[in-house]
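Undergrad: Have a look at this prediction, sequence included:
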Amino acid sequence: MKAAVISFPGSNCDQDAIKAIVSTMQIEADLVWHAHTDLSSYDLILVPGGFSYGDYLRSGAIARFSPVMEAVANEAQRGKFVIGICNGFQILTEAGLLPGALRRNESLQFQCEMAHLVVENASTPFTANYHFREEIIIPIAHGEGNYYADEATLDELVQNDQIVFRYADGHNPNGSVGSIAGIVNKKGNVLGMMPHPERAVHTLLGSDDGSKLFTSMLTTWREMHGVR
Amino acid sequence: MAYGEPSAQEVKDQKIYRTFGLTDAEYDQIVTHMDRLPNYVETGVFSVMWSEHCSYKSSRPVLRRFPTTGERVLQGPGENAGIVDIGDQLAVVFKMESHNHPTAIEPYQGAATGVGGIIRDVFTMGARPIALLNSLRFGTLEDAHNRYLFSHSVAGIGGYGNCIGIPTVGGEVVFDDRYSHNPLVNAMCVGVIVHDKIAKGTASGIGNPVLVVGAKTGRDGIHGATFASTQDPHAKERSAVQVGDPFMEKLLLEACLELIDTGKVVGIQDMGAAGLTSSSAEMASRAGSGLILDVSKVPVRETGMSPYEMMLSESQERMLVVMKRGEEDIAYRIFEKWGLEATVIGQVTDDGFLTIVDGEDIAAKMPVTALVDDAPIANRPSMRPTYLDTLEEVIPASLASTDLHHDLLALLSSPTIASKEWVYNQYDSMVRTETFVRPGSDAAVVGIPDSKKAIALVTDGNGRQVYLDPYEGGAMAVAEAARNLVCSGAKPLAITDCLNYGNPEKAEIFYQFERSIDGLSEACRVLDTPVIGGNVSLYNESHGIDIYPTPIVGMVGLIENREHITTSAVKYVGDVLLLLGEIQPQPKALAGSEYLAIKQPQNALSYAMPAIDLQKEKALQDVTLAAIQQGAVQAAHDLSDGGLLVALAEMGIDGGLGVTVTLPDTTDPLSLTALCFGEQPSRILLEVKPADVEHVQQLADKAGVTCMAIAKVTEQLHFEVQQNTKQILCATLEEITASWRDSIRRQMQ
């Protein structure tokens, strides 16, 4: 298994993502500059957090036009694993790979804190190693993480079991509808989430609950490809 | 003249130099150095180079008193940032700088560009920035303008640091009305570097090309440096405040580090205060060389800019780079990849002049030594302020606490003591995934990538204490910073300082400045933490009122083994809390305290403080560090603002556990108050397993440090205080937590 971490001008969680992939999955991870147009040799594509192009416009609104995004869409279509974290989630919604949008936090402030999440769907490639309804702690750090989707889309998300993470009861930090913290696409191979699992892979960082997200992908990929 | 500027004769006759802040005597000196009348551009360049901000004319002679050398010091003051060795060919680079005046005018951009500037100082040295801290002072939050300055400064600091992807891991905020119209924003940046990658700000090698890299130049911030050296910024123009672009700086950071890594860079310097003028003059001065620069080649984002405007622009996110001759292409290639410009604008010469040409025309030609080394020194008169001789030695019994419960809650909810979550939750403190101790403990701890080492970082300063006793207060600032690091398990290495004072032309203010530097210096010598850089911010006065003398110490310590990382939160029920240092402080310890500031706000600062014994302080710190390194300490907390009960309450709140305190007997209510809330320096609380108590006590005894079991960690979620088997205070953990945690948020709503 081989991973690509996309680097846009202004990405700043790209190195953290590589570190987390390498330490938890023990696989090769390349930093791929946004000008690249071919991602076919990768099994996992991670769109990291940061402030792509400064995010002076709506977050992610410019990055979606980067050359690499067409390749991301192609690989998503082919069933590769794609994760967008924080700014990456914003980019994936802007690019139409995931439904909904991320608005400014209800507090109108940037918020960085440990967030309590509930795993709502433990049968995605990204959550296979968690238990259903497991409570985990993963940090958030964003100014625009307030997830919004209209009623019809929300119904669809629920019906298809696309809601993967919700903020735990009474801990909705940003005003997201239905306390949604992370969703997958209909096919289940593209995940977007505001919390940063790559920042929770070691107890020294305050939590290692994010490790299982990475190892889940490895488990699933090996099962799919019949590798031990 | 093409730009309609006054002639050299007109500059002299109409005394135009005065509008740039030059005195008649200074102007005459310039004429002597030049051996002719300086033209308009030259006068402007001299005025910024000789401003307080660039030349340190008031402070230079005093700053020489700092100890600046040590075994680990690889670079002391004089470069863009100082460097300290941490072993294994690794070093930390750090510096702190003020951005007070811009913040008073335009808090978001003022604070943001302060962060941007200090980051550039660190990566200019070739170091990867890994952490930010900031030390803030505002007026009290009852005032709407103070709330505006506070919230926008915090947003600006976050806006810059969050975007560029460097975690803001610590700092401090103090509220006092002496800072009402003159907030302090001091930003510190810390980076790591491998020894052989250190870059310097020198322009050497005749014929080597000089490049401007990064953002384009505009008219923003012209005369910002001069503006920072004058009284009452409110009277000044807003246009002198620069605007920051953290995205641009992120690209510049990556491009510069990539460029330095090629080994083809001769020298590199941030274009900060006084822009192209000071960066070029300082680089030439360090190398003893000269420079010829063609301003018509500088990439601009406005049309019709004159050489004067080019030289004095403080447009942000720019660097001046000297490359090895013939290697310019490397710079072009790297900067193009990052979507930035790199443009050759001149070259290094050996004539000792800074020559500015505008295409064919010579716009200015000035001796580099005159600009940098011959900047005048202002020998400011110094006089002991009379208020120091009228301080009362005895605190009246009437100031004793009559309700410990009420006073403890009042202290915990005082914004200076209360949780700063409202502030630091707006900062990304975790990006780079090396932050092991986040904001809220005694010091932040950050891991060194690819190494077992970690560093602890802190900023500290207490303006009230320095006001009451400049010498002792200065020493206490260093001692407290070191104590905070030790409580985190680190050995203190070195400091950077931001020296914030009022108007140095007042003899009393200059006395505060001089004496506090003596105190800082002495503490640095005793605690073996040399000064490796910093900055001075004078003229912090508004409407005739000077701020408290507020030197801020930024200190870095080393943790060789990550297992020694210690926080202030209590960990285990049944553990014992030991108090090390003075057990029963005299009532005098209430002088300058937060307790008195709340109890008697009008004349809280009318009593003399106890002195600090630096030898005792050193012994206390050595014992604490030894106990931590031997694995005998579960939590450690420095006793400072609010005194003993506040410190114990904070440990319980952080750990989410109860604490039962057993106080020694006291003879009268004032002594009890001093015991509970006095701010006697040189004291530390340690959480120790019952089985380790004797061992730690022996360590302390051997070092001559007083040590006493003062409290126990309990399962019952109460904060309880007993004396002589009587309960004298009982609060629920929930109650004290609410007072402490929600105070600032409540006031900001």
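TA: Perfect, thanks for sending it.
Undergrad: distance of the closest residue to chain B within chain A from A:Ser59?
TA: As assessed by Cβ to the nearest Cβ, chain B sits closest to A:Asn12 within chain A, at 2.5 Å. Using the backbone N, CA and C atoms, a C-beta is placed for each residue, glycine as well. Noted for A:Asn12: a distance of 13 Å to A:Ser59, by Cβ to Cβ, to the nearest Å.
Undergrad: Name the residues contacting each of those two.
TA: Counting by Cβ atoms under 8 Å, 6 or more residues apart in numbering or on different chains, the shared contacts of A:Asn12 and A:Ser59 are A:Phe51.
Undergrad: sorry, back to before: excluding covalently adjacent residues, which one is nearest to the residue of chain A closest to chain B?
TA: Distances taken as Cβ to Cβ, 6 or more residues apart in numbering or on different chains place B:Gly165 nearest to A:Asn12, at 2.5 Å, with adjacent residues excluded.
Undergrad: which residues of the chain score low on pLDDT?
TA: By default, I'm working from chain A. Applying pLDDT under 70 to chain A picks out residues A:228.
Undergrad: To clarify, I was referring to chain B.
TA: B:1-2, B:223-240.
Undergrad: For chain A, what's the nearest residue on it?
TA: For chain B, Cβ to the nearest Cβ, closest residue to chain A: B:Gly165, 2.5 Å.
Undergrad: Quick one: residues contacting that residue.
TA: Contacts of B:Gly165 by Cβ under 8 Å, 6+ apart are A:12-13, A:50-51, B:250, B:428, B:431-432.
Undergrad: go again using 10 Å as the cut-off
TA: The neighbourhood of B:Gly165, defined by Cβ atoms under 10 Å, 6 or more residues apart in numbering or on different chains, consists of A:10-16, A:49-51, B:129, B:246, B:250, B:253, B:428, B:431-432.
Undergrad: now swap in A:Glu156 and tell me
TA: A:99, A:149-150, A:162, A:186.
Undergrad: Which residue ranges of chain A form helices?
TA: A:14-25, A:68-77, A:87-94, A:151-159, A:211-225 (DSSP state H).
Undergrad: before we move on, what about the stretch 501-650 of chain B?
TA: B:507-527, B:594-599, B:614-629, B:643-655 (DSSP state H, counting those that start in this stretch).
Undergrad: same question, the stretch 51-200 of chain B
TA: B:52-55, B:60-63, B:100-105, B:107-123, B:144-164.
Undergrad: Turn those helices into TSV, columns for distance to A:Ile83.
TA: What follows is these, written out as TSV (distance: least, Cβ to Cβ, whole Å):
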stretch	distance to A:Ile83
helix B:52-55	48
helix B:60-63	52
helix B:100-105	39
helix B:107-123	29
helix B:144-164	21
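Undergrad: ok so, going back, if we compare the helices of chain A, which one ends up closest to B:Glu282?
TA: For B:Glu282, the closest of the helices of chain A is helix A:14-25, at 32.6 Å, according to Cβ to Cβ.
Undergrad: what angle separates that closest one from helix A:87-94?
TA: Interaxial angle, helix A:14-25 versus helix A:87-94 (axes from the mean of the first three to the mean of the last three Cα atoms, to 10 degrees): 100 degrees.
Undergrad: any idea which of the helices of the stretch 501-650 of chain B is most buried?
TA: Highest mean neighbour count among these (mean count of other Cβ atoms under 10 Å in any protein chain shown): helix B:643-655, with a mean of 24.
Undergrad: Pull up the pairing partners for the helix or strand following that helix, direction included.
TA: Per DSSP states H and E, the first helix or strand lying C-terminal to helix B:643-655 is strand B:658-663. Sheet pairing for strand B:658-663, assigned by DSSP bridges, gives strand B:707-714 (antiparallel), strand B:718-723 (parallel).
Undergrad: need these in CSV with mean neighbour count, can you?
TA: CSV is the format used below for these (neighbours: other Cβ atoms under 10 Å in any protein chain shown):
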stretch, mean neighbour count
strand B:707-714, 20
strand B:718-723, 20
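Undergrad: Quick check: the gap between the residue of chain B closest to chain A and A:Gly54.
TA: 12 Å.
Undergrad: Check B:Ile119 too.
TA: Distance of B:Ile119 to A:Gly54, computed by Cβ to Cβ: 15 Å.
Undergrad: now swap in B:Asn186 and tell me
TA: 26 Å.
Undergrad: Over to B:Gly207?
TA: Taking Cβ to Cβ, one finds B:Gly207 at 38 Å from A:Gly54.
Undergrad: higher neighbour count, these two?
TA: A:Gly54 (18 against 10; other Cβ atoms under 10 Å in any protein chain shown).
Undergrad: thought that one was touching B:Asn162?
TA: No: contact between A:Gly54 and B:Asn162 fails when scored by Cβ atoms under 10 Å: they sit 11.5 Å apart.
Undergrad: Common neighbours of those two, please.
TA: Common neighbours of A:Gly54 and B:Asn162 (Cβ under 10 Å, 6+ apart) are B:Pro246.
Undergrad: Spatially nearest residue to B:Ala112, not counting backbone neighbours?
TA: B:Gly156 is the one closest to B:Ala112 (Cβ to Cβ, 6+ apart), at 3.8 Å.
Undergrad: So what's the residue count around the one you found?
TA: Neighbours of B:Gly156 (other Cβ under 10 Å): 26.
Undergrad: Pull the contacting residues for B:Ser451.
TA: B:86-88, B:90, B:192, B:560, B:562.
Undergrad: just B:Asn39 next, same as before
TA: Neighbours of B:Asn39 in contact, by Cβ under 10 Å, 6+ apart: B:1, B:5-11, B:45, B:307-308, B:362-365.
Undergrad: Could you give the backbone dihedrals for it?
TA: phi -80, psi -180 (degrees, to the nearest 10).
Undergrad: Tell me how many other residues crowd A:Val158.
TA: Neighbour tally, A:Val158, other Cβ under 10 Å: 12.
Undergrad: How much space separates it from A:Ala152?
TA: In terms of Cβ to Cβ, A:Val158 sits 11 Å off from A:Ala152.
Undergrad: what do you get for B:Ala738?
TA: B:Ala738 is 42 Å from A:Ala152, by Cβ to Cβ.
Undergrad: Please apply the same query to B:Lys15.
TA: When B:Lys15 is compared with A:Ala152 (using Cβ to Cβ), they lie 74 Å apart.
Undergrad: can you map out the helices along the stretch 301-450 of chain B?
TA: B:307-312, B:328-337, B:368-371, B:404-413, B:421-424.
Undergrad: Is there proximity between the second one and chain A?
TA: Read it as helix B:328-337. Yes: interface with chain A: helix B:328-337 contributes B:Lys337 (Cβ under 10 Å from any Cβ of the partner chain).
Undergrad: just checking, what packs against that helix?
TA: strand B:209-214, helix B:246-261, strand B:318-323, strand B:341-349 (3 or more Cβ pairs under 10 Å, 6 or more residues apart in numbering or on different chains; DSSP states H and E).
Undergrad: rerun that using 7 Å as the cut-off
TA: In terms of contacts (3 or more Cβ pairs under 7 Å, 6 or more residues apart in numbering or on different chains; DSSP states H and E), helix B:328-337 is packed against strand B:209-214, helix B:246-261, strand B:341-349.
Undergrad: To A:Glu135, which of the ones you listed lies closest?
TA: Across the helices and strands packed on helix B:328-337, closest to A:Glu135 is helix B:246-261 (Cβ to Cβ), at 35.0 Å.
Undergrad: Would you mind listing what in chain A touches chain B?
TA: When proximity is defined as Cβ under 7 Å from any Cβ of the partner chain, chain A approaches chain B at A:9-10, A:12-13, A:16, A:19, A:50-51, A:53-54, A:109-113, A:139, A:141, A:198-199, A:204-205.
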